[in-house]
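Engineer: Please find the sequence and the predicted model below.
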Amino acid sequence: MGRFGKLETDVHIKASASKFHEILHKRTHRISNVSTDKVHGVDLLEGEWGEVGSIICWRYFHDGKARVTKERIEAVDKQNNSITFTVIEGDLTEKYKSFKFNIQCIPKEKGSVIHWVLEYEKLHDEIPDSHSMLQFCVEMSKDIDAHLMEGSEEPYHNDISGQKCEALSINKSKKRHVWHCLIFLGLNQNTMGRFGKLETDVHIRASASKLHEIYHERTHHISNVSTDKVHGVDLLEGKWGEVGSIICWRYFQDGKARIAKEKIEAVDKENNLITFTVIEGDLMEKYKSFKFKMQFIPKEKGSVIHWVLEYEKLHDDIPDSHTMLQLCVDVAKDIDAHLMEGSEEP
């Protein structure tokens with residue numbers, strides 16, 4: 001569990017889908033002239049630019065270090081503006097047995113949406129999900145968009161090509177887990193980046209009904225199960241599990257003890273759904289609004305917790321709440337471990 005990962009991001013941009021797709025498809029080597037601080041060069045090693053089966057080498061700067069990745073163009077769909085790159089050598093293979101980048105450029109009434117999908121298998125469970133690479137893709141997309149909106153027909157010419165990558169060996173390993181994360185950035189040109197939506201599917205062993213019961217009616221017991229992350233959950237108004245009731249979470253996040261006062265917004269017992277809306281606390285220092293939505297979905301073996309975090313930032317410079325998403329996942333795993341011990345309740 002934890003080896004297989006899938007991260008997805010929708011980035012709303014102002015440029016057209018066809019122009020953006022053309023850059024990634026046939027003029028990939030010119031991205032280094034547009035996103036200079038992130039991409040240092042893209043070189044053709046085999047084949048022709050934009051052809052399926054061709055091999056290219058990306059020289060880029062990621063997580064404070066200059067890196068290299070050798071990729072094959074796996075698939076191209078010109079009609080749907082989509083392209084897939086598969087990593088075959090380079091720095092990413094030091095942590096991942098396989099890694100794919102799927103990009104689709106989707107036309108909209110105003111601008112377009114770049115849908116990024118990162119699919120990978122880690123070499124071992126301790127390797128974190130590749131959120132920083134996802135963010136890298138988002139930022140590079142914004143650089144390309146900014147260039148295209150300057151009115152230039154194409155990025156400046158790049159004379160460097162054909163430099164070879166050093167091959168790195170690929171280690172082998174087995175085990176499974178799927179994590180789905182979707183980020184929705186921007187609702188219109190004036191508020192681009194303010195609105196966020198993160199989604200995660202966490203596969204666990206406990207039943208959906210037991211997990212829903214914990215989050216719905218026995219929320220105050222979570223601090224006895226996830227002691228290092230949740231220091232207490234207190235009822236302030238109403239009754240445990242009732243819509244409209246207000247509870248206070250005392251938790252530890254990003255190296256600091258924090259508080260969130262939340263209202264139970266909605267409960268659907270039949271579908272194991274619950275929604276919490278933040279009304280006061282530390283999150284309000286960065287967000288105008290913040291909601292937690294959970295659905296507990298039964299599976300043949302265990303269940304899936306589908307987390308959705310929806311928020312509006314106070315300003316564009318506030319990062320998306322990946323650390324809160326990770327906290328939700330870690331707490332869910334703690335509850336799952338407890339339930340699988342055979343105890344009836346926390």
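Structural biologist: Sure, I can see it.

Engineer: Please count neighbours and contacts with C-alpha atoms only from this point.
Structural biologist: Will do.

Engineer: any low-confidence regions in this structure?
Structural biologist: 1-2, 151-193, 342-346 (pLDDT under 70).

Engineer: Grab the nearest non-local neighbour of Leu92.
Structural biologist: Leaving aside its sequence neighbours, Leu92 sits nearest to Thr69 (Cα to Cα, 6 or more residues apart in numbering; 6.8 Å).

Engineer: wait, the one you found sits on Val87?
Structural biologist: Yes: in this structure, Thr69 is within contact of Val87 by Cα atoms under 8 Å, at 6.8 Å.

Engineer: thinking again about what came up before, so what's the residue nearest to Leu92 up against?
Structural biologist: Taking Cα atoms under 8 Å, 6 or more residues apart in numbering, we find Thr69 in contact with Cys57, Trp58, Arg59, Val87, Ile88, Glu89, Gly90, Asp91, Leu92, Cys165.

Engineer: Please identify which pair of the residues you listed lies farthest apart.
Structural biologist: Spatially, the most separated pair among these is Arg59 and Ile88, at 14.3 Å (Cα to Cα).

Engineer: Between the contacts of Thr69, which sits nearest Met294?
Structural biologist: Among the contacts of Thr69, and counting by Cα to Cα, the member closest to Met294 is Leu92, at 32.2 Å.

Engineer: So that closest one, which state does it fall into?
Structural biologist: helix (DSSP: H, G, I helix; E, B strand; the rest coil).

Engineer: neighbours of it, just the number please.
Structural biologist: Using other Cα atoms under 10 Å, Leu92 has 20 other residues around it.

Engineer: distance of it from Leu123?
Structural biologist: Look at Leu92 and Leu123: by Cα to Cα, to the nearest Å, they are 11 Å apart.

Engineer: Likewise for Ser35?
Structural biologist: 30 Å.

Engineer: Helices along the stretch 151-300 of the chain, start to end?
Structural biologist: 208-217 (DSSP state H, counting those that start in this stretch).

Engineer: is it true that Val331 touches Lys229?
Structural biologist: Yes: the criterion here is Cα under 8 Å, and Val331 meets it with Lys229 at 7.1 Å.

Engineer: Just give the nearest non-adjacent residue to Ile335, would you?
Structural biologist: Computed as Cα to Cα, 6+ apart, the closest residue to Ile335 that is not its neighbour in sequence is Val225, at 6.1 Å.

Engineer: swap in Met133?
Structural biologist: Excluding the flanking residues, the one nearest Met133 by Cα to Cα, 6+ apart is His62, at 7.5 Å.

Engineer: That neighbour - how many residues pack around it?
Structural biologist: His62, neighbours per other Cα under 10 Å, totals 15.

Engineer: Any idea what it is bridged to?
Structural biologist: Going by DSSP bridges, His62 is paired in beta bridges with Lys65.

Engineer: For it, list the residues it contacts.
Structural biologist: So His62 contacts Lys38, Ser132, Met133, Phe136 (Cα under 8 Å, 6+ apart).

Engineer: What strand or helix carries the second one?
Structural biologist: Counting by DSSP states H and E, the element that carries Ser132 is helix 131-148.
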